[in-house]
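Student: A structural model of the following input is requested.
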Amino acid sequence: MLSSPVGSLRHRARAAALQALFELDQTNHDMEAVIERISNDEMFSAEGREFFARLVRGGWQRRDELDAVIERLAPTWPIHQMPGVDKAVLRIALFEISFDTATDKAPVKAVINEAVELSKHYGSDSSSRFVNGVLSTVVNKS
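Tutor: Residues are numbered from 1 along each chain as shown. Below you'll find the predicted structure:
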């Protein structure tokens with residue numbers, strides 16, 4: 001099955017947002033400079049650039065709120081000990097599910113599926129199960 005152009009664009013934007021959030025979490029780089037550099041590297045369309053920037057800004061600016069949700073749902077895995085990829089994937093997905101107010105929001109199931117795919121590709125062997133468990137708990141509690 002071929003993915004739609006919008007799905008492919010969003011997948012690329014989420015993967016780039018993962019890279020940006022991981023970088024921001026590990027460095028003192030300026031968020032807007034990271035957004036600009038990665039947007040240029042990825043050569044996003046205007047729509048892709050907007051979606052990517054929305055995810056990065058939302059995931060980074062709301063990280064305290066997002067991290068509090070993660071810590072509540074995964075109390076045996078302190079946020080400061082969590083692998084950076086897992087943390088970034090969860091921040092993106094939780095932002096999309098809980099805080100994104102855009103009219104073109106993706107369905108929750110699609111957000112979870114994308115998060116699991118990103119964690120399979122970029123995370124450890126157990127990342128996808130962990131991410132799926134946290135996000136499923138969010139959905140089941142709401």
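Student: so Val89 sits right up against Leu118, yeah?
Tutor: Yes - using Cβ atoms under 8 Å, Val89 makes contact with Leu118 at a distance of 5.1 Å. Using the backbone N, CA and C atoms, a C-beta is placed for each residue, glycine as well.
Student: show me which of those two is the more surrounded one.
Tutor: Here Val89 and Leu118 are set side by side on neighbour count (other Cβ atoms under 10 Å), and the busier one is Val89, at 34 against 24.
Student: what touches both of Val89 and Leu118?
Tutor: Common neighbours of Val89 and Leu118, using Cβ atoms under 8 Å, 6 or more residues apart in numbering, are Leu18.
Student: need the contact list for the residue positioned nearest the centre of the chain.
Tutor: Per Cα atoms, centre = their mean, the C-alpha nearest to the average position across the chain is that of Ile92, at 2.2 Å. Counting by Cβ under 8 Å, 6+ apart, Ile92 touches 14, 17-18, 21, 55, 59, 115, 118.
Student: check Met82 too.
Tutor: With the criterion set at Cβ under 8 Å, 6+ apart, Met82 makes contact with 70, 74.
Student: check Glu65 too.
Tutor: Phe99.
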